[in-house]
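Student: need a structure here:
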Amino acid sequence: TMPKEPAVLRQNILDTTAAILACGIDPNKCLLFRQSLVPEHAELAWILGCLTNVPRLLRLPQWKMKRASQNSEGTVGLLTYPVLQAADILLYKSTRVPVGEDQVLHLELAQDIAQHFNKKYGEFFPVPKAILSEL
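Tutor: As a prediction, the model looks like this:
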């Protein structure tokens, strides 16, 4: 949600990929891809954003904390980031999502969005459940 220098962003992508592979993820058994190259993430985020009310997003603690660190100015990207996270989860019809305690509220938002979408348009998205991690 903060502007990055293109060269730094490209290097971060390479470093993250290297870290994933160094952890033992086998690319012959797992599909690795750069999410930013999949336009459906942003497209679904737009659709879900049209179903999500602003007061709900303003109540999220991460919004309040990050906005405070940005001199009380929060960006639209920062405000709507949890909707993008929901799209990232729901796009793949995920049923279980590993999260840390700090992301439980964002997963609850994804659950609420899935339920709202399903109620309005028929059963389409599974409602994802949290797999809580101590790490």
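
Student: what's downstream of the lowest-mean-pLDDT helix or strand in the chain, the next helix or strand?
Tutor: None of the helices or strands of the chain scores lower by mean pLDDT, DSSP states H and E than helix 61-69, at a mean of 77. Next helix or strand after helix 61-69 toward the C-terminus (DSSP states H and E): helix 76-90.

Student: tell me what angle that next one forms with helix 61-69.
Tutor: Here helix 76-90 runs at an angle of 150 degrees relative to helix 61-69 (axes from the mean of the first three to the mean of the last three CA atoms, to 10 degrees).

Student: what does helix 76-90 contact?
Tutor: 1, 35, 41-42, 44-45, 48-49, 52, 54, 57-58, 60, 62-63, 66-67, 70, 97, 106-107, 109-110, 113-114, 117, 125, 128 (CB atoms under 8 Å, 6 or more residues apart in numbering). Placement of C-beta: from N, CA and C, glycine included.

Student: show me which of those residues are buried.
Tutor: Applying a neighbour-count criterion of 16 or more other CB atoms under 10 Å, the buried members of the contacts of helix 76-90 are 41, 44-45, 48-49, 52, 57, 60, 63, 66-67, 97, 106-107, 109-110, 113-114, 117, 125, 128.

Student: check contacts around the residue lying closest to Ala86 once chain neighbours are set aside.
Tutor: Leaving aside its sequence neighbours, Ala86 sits nearest to Ala110 (CB to CB, 6 or more residues apart in numbering; 3.7 Å). Contact partners of Ala110, counting by CB under 8 Å, 6+ apart, are Gln85, Ala86, Ile89, Leu90, Val97, Pro128.

Student: show the pLDDT at the spatially most central residue of the chain.
Tutor: Nearest to the geometric centre of the chain sits Gln85, at 1.5 Å (CA atoms, centre = their mean). Here, the pLDDT recorded for Gln85 equals 95.
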